[in-house]
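**Student:** What follows is a predicted structure for the sequence shown.
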Amino acid sequence: MIAPFLLSASPAPDICGVLEVAYAAAIESRVPASPVDVQPSWRELALEKFVPDFIARTTLSKGEVADLVAHQGMHREKGFRALCLWQARPMPAKDYEGHQMKVSFSSPIFSGDMRLAVVEVSFQEPGFGYGSFCVLRGGRGAWSAQCHPDWIT
């Protein structure tokens, strides 16, 4: 889903704002949204390990993937936890039975020009979880996101 709202972009992106855009896209919200229960991430993005067929289903070109891979070491943080003062309306992620899920974000990876980013948004509750790989593009003063399911357990 491409988020129908925009967030101001700058040379040094507001990481929390970028995460809010990814979160809203991952929960398929039509309005800006922020998570409620954010936990440290137990997953790290390693784009060079992604299956080529999965990457082909995203909007990323081979050149963009190569740029992100080249910069991912600068942005990767083990156990990343988004400690943010969220700006958007809190919208808890819930499973199909209405149970609230915990949320985590991988540390976002930005391209060399800081106009492209990827992040994984994960949702968990005891015994169940899933994640979405989100591609964020910044341009003309805004960020938008498109997310793709990438794991389930």
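**Tutor:** Cool, the structure landed. All of these numbers come straight from a predicted model, not from anything done at the bench.
**Student:** Would you mind naming the helix or strand containing the residue located most distally from the centre of the chain?
**Tutor:** Within the chain, Glu97 marks the point farthest from the mean C-alpha position, 23.9 Å out by CA atoms, centre = their mean. Following DSSP states H and E, one finds Glu97 outside all helices and strands.
**Student:** One more: His148?
**Tutor:** With DSSP H and E as the test, His148 turns up in strand 142-152.
**Student:** Can you list the buried residues in that strand?
**Tutor:** Buried residues in strand 142-152, counted by 16 or more other CB atoms under 10 Å: 143-148, 150. In short, each C-beta sits where N, CA and C put it, glycine included.
**Student:** Output the contacting helices and strands for that strand.
**Tutor:** helix 15-26, strand 116-125, strand 128-139 (3 or more CB pairs under 8 Å, 6 or more residues apart in numbering; DSSP states H and E).
**Student:** Of all the ones you listed, which one comes closest to Leu60?
**Tutor:** strand 128-139 (6.1 Å; CB to CB).
**Student:** re earlier: with pLDDT and distance to Trp86 added, can I get the buried residues of strand 142-152 in CSV?
**Tutor:** Listed next are the buried residues of strand 142-152 as CSV, based on pLDDT from 0 to 100; distance: CB to CB, whole Å:
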residue, pLDDT, distance to Trp86
Trp143, 92, 15
Ser144, 94, 19
Ala145, 96, 16
Gln146, 96, 21
Cys147, 96, 18
His148, 95, 23
Asp150, 90, 23
